[in-house]
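[1] Return atomic coordinates for the entry below.
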Amino acid sequence: MAEEKRRRGRPTKEEAAARKAAADAAAEKEGKETAFLDEVLSRPIKRRNTKLQPDEDTLRTLGELGKLFCTQDEAAAVLGVCKKTFSTFLGEYPEARESWDDGLMHAKVSLRRKQLALADKNAPAAIFLGKNYLAQKDENTTNLNVTKPANEMTEEQLLEIAGQAAAPRQPPAKKTDSTVH
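    Presented below is the predicted three-dimensional model:
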């Protein structure tokens, strides 16, 4: 039984229809999610006299704000309370903390997905996003090719190795032509 060769070029009508349906479904889902947040954000921000209650709207708002990587200060402002009240609310109601944390995790997953798509086109942007939001970092390793165990070295040898590790590496010196007049 012969395998079909992978077809190159434009997608078939079925593939194009499936891609369009998936894109439409994603756009509709995102439209519903952003419509709720747009409604919440369009309300005037007022300071409340009372504490927050873990009702359905508040929990949903928390999750949506978390999906935007809002800070606690920003979320408190949208909900109309001070940061201390907001922090107390998250501490007193586990369902509120869960909703907030779920929103932040969704934001990280979404960012990671976008980072992967972006990495093919713009590596510096992908690196910046990863370092700032996903706790990724550059690993600096130094290999000094030391063959003796530290307890068998003299203090001078240890200081020399420490100096090599701490010193920034210099590029090789450029050769100059001394015969030019």
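
[2] Could you use CA atoms for every contact and neighbour count after this?
    Noted.

[3] Which strands or helices does the helix ranked longest in the chain pack on?
    In the chain, assigned by DSSP state H, the helix with the most residues is helix 13-42. Applying 3 or more C-alpha pairs under 8 Å, 6 or more residues apart in numbering; DSSP states H and E, one finds that helix 13-42 contacts helix 56-67.

[4] what residues does the helix it packs on touch?
    Residues from elsewhere that reach helix 56-67 (C-alpha atoms under 8 Å, 6 or more residues apart in numbering): 33, 37, 40, 52, 75, 79, 95-96, 99-107.

[5] if we go to 10 Å?
    Applying C-alpha atoms under 10 Å, 6 or more residues apart in numbering, the contact partners of helix 56-67 are 33-34, 36-37, 40-41, 52-54, 70-72, 74-76, 78-79, 90, 95-111.

[6] quick one, the longest helix of the chain and helix 56-67 angle?
    In terms of direction (axes from the mean of the first three to the mean of the last three C-alpha atoms, to 10 degrees), helix 13-42 departs from helix 56-67 by 110 degrees.

[7] What sits closest to residue 107 if chain neighbours are left out?
    Leaving out its chain neighbours, the residue that sits closest to residue 107 by C-alpha to C-alpha, 6 or more residues apart in numbering is residue 67, at 4.4 Å.

[8] Return the residues in contact with the residue nearest the centre of the chain.
    Central residue of the chain (C-alpha atoms, centre = their mean): residue 133, 3.2 Å from the mean position. For residue 133, the contacting residues are 69, 107-108, 111-112, by C-alpha under 10 Å, 6+ apart.

[9] Scan these and report the most crowded one.
    Highest neighbour count within the contacts of residue 133, by other C-alpha atoms under 10 Å: residue 107, with 21 neighbours.

[10] From what I see, that residue and residue 115 are in contact.
    No: counting by C-alpha atoms under 10 Å, residue 107 does not reach residue 115; the two are 11.8 Å apart.

[11] Pull the number of nearby residues for residue 79.
    Neighbours of residue 79 (other C-alpha under 10 Å): 21.

[12] For residue 54, see how far away it is.
    Residue 79 sits 12 Å away from residue 54, taking C-alpha to C-alpha, to the nearest Å as the criterion.

[13] ok, now residue 113?
    Applying C-alpha to C-alpha, the value for residue 113 to residue 54 is 31 Å.

[14] Counting neighbours, go ahead and name the busier of these two.
    residue 54 (17 against 11).

[15] Cool, thanks, talk later.
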